[in-house]
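Asker: What follows is a predicted structure for the sequence shown.
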Amino acid sequence: MRFKEPLIATAGQFVMVWVPGVDEFPMSVSYTGDRCGITYQIIGEGTKALAYKKPGEKIGLRGPYGKGFSIRGKKLLFVGGGVGMAPLAPLVEMAAAKGASVDLVLGAKTRGDLLFESRSAVAGARVHLSTDDGSIGFKGLATELAQIVVGKQSYDCMYACGPEKMLAKLLTIATEKGIPMQASLERIIKCGIGICDSCAIDGKHVCRDGPVFSEGDLRRFTELGKSKLDAAGRKIPI
Amino acid sequence: MRFKEPLIATAGQFVMVWVPGVDEFPMSVSYTGDRCGITYQIIGEGTKALAYKKPGEKIGLRGPYGKGFSIRGKKLLFVGGGVGMAPLAPLVEMAAAKGASVDLVLGAKTRGDLLFESRSAVAGARVHLSTDDGSIGFKGLATELAQIVVGKQSYDCMYACGPEKMLAKLLTIATEKGIPMQASLERIIKCGIGICDSCAIDGKHVCRDGPVFSEGDLRRFTELGKSKLDAAGRKIPI
Amino acid sequence: MTNLAVDICGLRMKNPTMLASGVLDETGKSMLVVAKAGAGAIVTKSIGKEPRVGHSGPTIVELPQALLNAMGLPNPGIEAYAAEIAEAKTAEVPIIGSVFGGSEQEIAELAKNMQEAGVEAVELNLSCPHAKGYGAEIGSTPEMVETICRAVKETVTIPVFAKLTPNTSSIVSLAKAAEKGGADAVVAINTLKGMVISPEAKMPVLGNRYGGLSGPAIRPIGVRCVYEIYEAVSIPVIGVGGISTGREAVEYLMAGAKAVQIGTAIWKEGPEVFGKICREIQDFMDEFGYTKLSEMTGVAHHGRT
Amino acid sequence: MTNLAVDICGLRMKNPTMLASGVLDETGKSMLVVAKAGAGAIVTKSIGKEPRVGHSGPTIVELPQALLNAMGLPNPGIEAYAAEIAEAKTAEVPIIGSVFGGSEQEIAELAKNMQEAGVEAVELNLSCPHAKGYGAEIGSTPEMVETICRAVKETVTIPVFAKLTPNTSSIVSLAKAAEKGGADAVVAINTLKGMVISPEAKMPVLGNRYGGLSGPAIRPIGVRCVYEIYEAVSIPVIGVGGISTGREAVEYLMAGAKAVQIGTAIWKEGPEVFGKICREIQDFMDEFGYTKLSEMTGVAHHGRT
Ligand SMILES: Cc1cc2nc3c(=O)[nH]c(=O)nc-3n(C[C@H](O)[C@H](O)[C@H](O)COP(=O)(O)OP(=O)(O)OC[C@H]3O[C@@H](n4cnc5c(N)ncnc54)[C@H](O)[C@@H]3O)c2cc1C
Ligand SMILES: Cc1cc2nc3c(=O)[nH]c(=O)nc-3n(C[C@H](O)[C@H](O)[C@H](O)COP(=O)(O)OP(=O)(O)OC[C@H]3O[C@@H](n4cnc5c(N)ncnc54)[C@H](O)[C@@H]3O)c2cc1C
Ligand SMILES: Cc1cc2nc3c(=O)[nH]c(=O)nc-3n(C[C@H](O)[C@H](O)[C@H](O)COP(=O)(O)O)c2cc1C
Ligand SMILES: Cc1cc2nc3c(=O)[nH]c(=O)nc-3n(C[C@H](O)[C@H](O)[C@H](O)COP(=O)(O)O)c2cc1C
Ligand code: FES
Ligand code: FES
């Protein structure tokens, strides 16, 4: 979904998408530049209603919010799990355009869920696929494939977005190898502007201090991959 | 009275002076540049209370407001009546500094009421004095002296501030001689920002469109020198 | 072609914008200027029986998105003001006479004087938050609002607008009371009671200490009031509070206002703001395919009660 | 040396700033962050008996000088929240537990739970303008305010603060009722009821339609409320609404507040705003020769009443 309204956003930032009469929710910017856009997975009421919108119909947008990714170094590894590839795609393009060497581990449950494979390949990334069911590429988790890829070459930085268990595992790998890491996290985002505390993780706020955090913060987070707040603010396991 | 707070104002603009606990009233800026200032005559409660303030005591200021004078041409005539000289003084200095030929007709009831005579002379103006009682200079009204001065030389522009009867007469003189004119008017100023209508003159507002008006507006004003509003908004004769 | 005209209680307006009471309307000539700048109707300053100089200065505090004022209802008194109305009437827009008073008799009498002076409707200021014994002090209970509206309706034949205060726990009860008392329309909102203190001077800035807050800061409160009132009464609602763009006027229209009033916007933009707002309403209607104002009135309620 | 310390109902604060309820206080760790940033005390989110997810989105609208929010009192329920309080208590500042409920029994019980969870005072949210059956809906009459305060006072031993709504014609009557009911302090103000409509979407933006207005836009209303209440009651007043600088905090102190709360300022400035405000208060006091906060409290009333 692309927008006509101008929006200046960097990869990793997000917008709050309002489907009038239904709900408002956060979506990462998956296209930056002249015509920004988002890429979403239908999860519940809100995303379903969004999918029913016809081109030209109005939705509300506010943002962009949060801190995005920044490119550090020349040899970069990307790991995208499922729709977590959305914020990484524009970053892969930018890194490749800047002449960086880009490896992308792209994982999903099954072949049909893989996102932005050809977009990334066209941009010049070496794409390594993994599917849980083995319908294409490596059979297994993206983290397992990442472990292998990391063993073959040294990297200046790892960029990741996807399920939090995956991120936690990648953090361990990055730490072992001494690779700096940036990861985009998900929490319930309500205000988007750092005042309501619904997106809290260890006293930091995903909407304002994140959604992209670096290895320093990630290591300090006791809740990473373990617990998060539900919509009422209860701590629930991940 | 000079202010420590910085204020960027041009000659002809005014500030609203708040004497806490007493009242707020308009005063033209009589010193511009690094340390702005005002020059006031004690008229009633407000100005009396202002006079009692010691150096360093706090008063409130807002502004500057309104449109000031602009220098047009090289041969300029200034006519200041009483405390009406306050907004003209910085203009006389500026015009002289720019190399204009400056004549100043300075009038007052009596010798002691003459304002900024030496300040103007030091700046390089030819000063022509008039007093109603003849205690110094020409004996008679400033308008009579201005009539004489105007007869001797041609001028590019006339600048005036003082009693409105004086301004009305000067407008007649300027019109006869075909001299452009700028005059600063007085009305009751309450809001200072063009919304309360208390400073209205023929649908224009002294606080916002003025206090300095050019000959075009001045000629259109049916109320000039004739009537004004009192504090309740009643039309009263001048 | 889009059409901005609206008829409110028989007053024909070429567009839905009115000058709000108390702003550039002490003199006939200033009202003419505002009419020429594009206002669809003019509400006069609130006028009382006797001349009043208002509160001592400062009478206004400028804030980033608001003004706080305590003019104190200065006015020349109804007798002298008749001449200003006569002059304002030469503009070809409806003139609405605003009045304030300390009792229903006084207000009714003033309304009669206004009618005689030639206004096309009368607006009752039941809501000024900073004048002792007037305005909100007598307009904050439904009983008083109803009594006053009834007394005025019994006295004049022109339409009666009741201007209500938002300084209440239920503006809806006040609106219902006005309707019950026979008012032909309600106007919402007047200013909110506020105060600014100068830490340096150690005292409130306004000569009257308390004042009324207006401008963009109060718009969400005005829109809410109009939205609530629209669901509760069947007489027209006129929206006021913080409008300075066409889009903001449309907000009020969609909340249920049939017309809007504009005051504080003149501070930053001058009387020309009326023409600008009308053009912007027109542009909005063109873009979204509306041809008449009535197609927008109250649409923000659809799918609800 | 200037001293910013203040004792309010026995709570010792190192400075007069408190975190306002509902802002960055759903988790213990966030409260710790705010305490570390310089807040003199922390008020928790308003907590109810059961977990509540709050209203559907949008829950917030950003305006030039204000926020409009309708979070809808989301909270994990008092039972789960006790763990957050335990964590917050490791900060060395007083923790004040805010509660909301639908009846005086429910509120009193929650206050008791709060006391057991270890807070040093309890704040009663009698003023949230956008939750059906709670907040302002039960706190808008003096009778209810008095009844609730009394019920709570009979149940707990820690100080009780009553947080009042400005959506009323007389916040003074509410404050007097709170005092009569035994409240140890009043907190003023909560948000003003407002609405923002999207002309493009033809509907109110907030999922809940109505919300509460906070931030700089409402400061003159908050200052006015504190000023009025200070003249009417003898218990301490805590001022809140639109503070984001030391000078603005001083405005509230001079109006009569003994301490202030800060919420919306975090939006633009982050939790660091607490440290900044305290430094600015200190600078102001140094410049004008004040050595203690009490020398400023209520001075804007001098020469009056
Ligand atoms: C920073 C950020 C970026 C995101 N980017 C993308 C993206 O690019 N593409 C994409 O498909 N999804 C993205 N998401 C997830 C997306 O926000 C949720 O899938 C969406 O909110 C689901 O809404 P729903 O109404 O369809 O589902 P619901 O039925 O409302 O909820 C289903 C589940 O979605 C999650 N969710 C619901 N509301 C929120 C909320 N306000 N904030 C966060 N999670 C919520 C919860 O886990 C919930 O249990 C992102 C989330 C965050 C925090
Ligand atoms: C644009 C402008 C510039 C001015 N510049 C100067 C100046 O440089 N020096 C100077 O001495 N005076 C100046 N004045 C006049 C000055 O404002 C009044 O003398 C002053 O307001 C008197 O206040 P008071 O409280 O002492 O008198 P009061 O006892 O309050 O009133 C005495 C008379 O002063 C006039 N006046 C009172 N209040 C106002 C008001 N708010 N606005 C205008 N006139 C008022 C009225 O004619 C009134 O009858 C200026 C006026 C205007 C409009
Ligand atoms: C300087 C000023 C004077 C006002 N005087 C009056 C008045 O005399 N009578 C009245 O009913 N309302 C008066 N009001 C209130 C306005 O008519 C209007 O209700 C309010 O300002 C909100 O609209 P706005 O935000 O467009 O100004 C005054 C407002 C201002 C700013
Ligand atoms: C997002 C948000 C949530 C709030 N939640 C609560 C709450 O749960 N309980 C409460 O008493 N007040 C709540 N408030 C009101 C604030 O505590 C405060 O009274 C108000 O915002 C005014 O102060 P401010 O301008 O500094 O924000 C909330 C305010 C905001 C902006
Ligand atoms: S979503 Fe409200 S603090 Fe992050
Ligand atoms: S002083 Fe108010 S309009 Fe000029």
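Answerer: Perfect, I can see it now. Ligands and ions are numbered 1, 2, ... in the order given.
Asker: Going by C-alpha atoms from here, please, whenever you check contacts or count neighbours.
Answerer: OK.
Asker: So in terms of bridging, what pairs with residue 60?
Answerer: Going with chain A. In this entry, residue A:60 is beta-bridged to residue A:18, by DSSP bridges.
Asker: Actually, chain C is the one I wanted.
Answerer: When bridges are called by DSSP bridges, residue C:60 pairs up with residue C:69.
Asker: so what's whichever residue of the stretch 101-250 of chain C sits closest to ligand 4 up against?
Answerer: Ligand 4 sits closest to residue C:217 of the stretch 101-250 of chain C, with a gap of 12.5 Å, by C-alpha to the nearest ligand atom. By C-alpha atoms under 8 Å, 6 or more residues apart in numbering or on different chains, residue C:217 lies in contact with C:65, C:66, C:242, D:65, D:66, D:217, D:218.
Asker: just residue A:62 next, same as before
Answerer: Applying C-alpha under 8 Å, 6+ apart, the residues near residue A:62 are A:15, A:16, A:17.
Asker: where does the first one fall, helix, sheet strand or coil?
Answerer: Reducing the assignment to helix, strand or coil with DSSP: H, G, I helix; E, B strand; the rest coil, the entry for residue A:15 is strand.
Asker: Quick check: the gap between it and residue A:61.
Answerer: Noted for residue A:15: a distance of 6 Å to residue A:61, by C-alpha to C-alpha, to the nearest Å.
Asker: Quick check on those two: which one has the bigger neighbour count.
Answerer: Legend: neighbour count by other C-alpha atoms under 10 Å in any protein chain shown for residue A:15 and residue A:61, higher for residue A:15 (23 against 17).
Asker: The more buried one contacts residue A:63, doesn't it?
Answerer: Yes. Between residue A:15 and residue A:63 there is a contact at 4.8 Å, judged by C-alpha atoms under 8 Å.
Asker: okay, now residue C:287: neighbour count?
Answerer: For residue C:287, the neighbour count with other C-alpha under 10 Å is 10.
Asker: Same question for the helix or strand it falls within: list its buried residues.
Answerer: Assessed by DSSP states H and E, residue C:287 sits inside helix C:273-288. Neighbour counts over helix C:273-288 (16 or more other C-alpha atoms under 10 Å in any protein chain shown) mark C:273-285 as buried.
Asker: Make sure residue C:149 is indeed in a helix.
Answerer: Yes. Assignment of residue C:149 by three-state DSSP places it within a helix.
Asker: tell me the phi and psi of the residue nearest to it when sequence neighbours are not counted?
Answerer: In space, and not counting its chain neighbours, residue C:149 is closest to residue C:181: 5.0 Å by C-alpha to C-alpha, 6 or more residues apart in numbering or on different chains. Backbone torsions of residue C:181, given as degrees, to the nearest 10, read phi -80, psi 0.
Asker: ok now do the residue lying closest to residue C:37 once chain neighbours are set aside, which residues does it touch?
Answerer: Excluding its sequence neighbours, the residue lying closest to residue C:37 (C-alpha to C-alpha, 6+ apart) is residue C:272, at 5.2 Å. Residues in contact with residue C:272, defined by C-alpha under 8 Å, 6+ apart, are C:34, C:37, C:38, C:266.
Asker: For those residues, pick the one with the most neighbours.
Answerer: Within the contacts of residue C:272, residue C:34 tops the neighbour count with 27 neighbours, counted by other C-alpha under 10 Å.
Asker: For the helix or strand where that one lies, give the mean pLDDT please.
Answerer: Using DSSP H and E, residue C:34 falls within helix C:28-36. Averaging pLDDT along helix C:28-36 gives 97.
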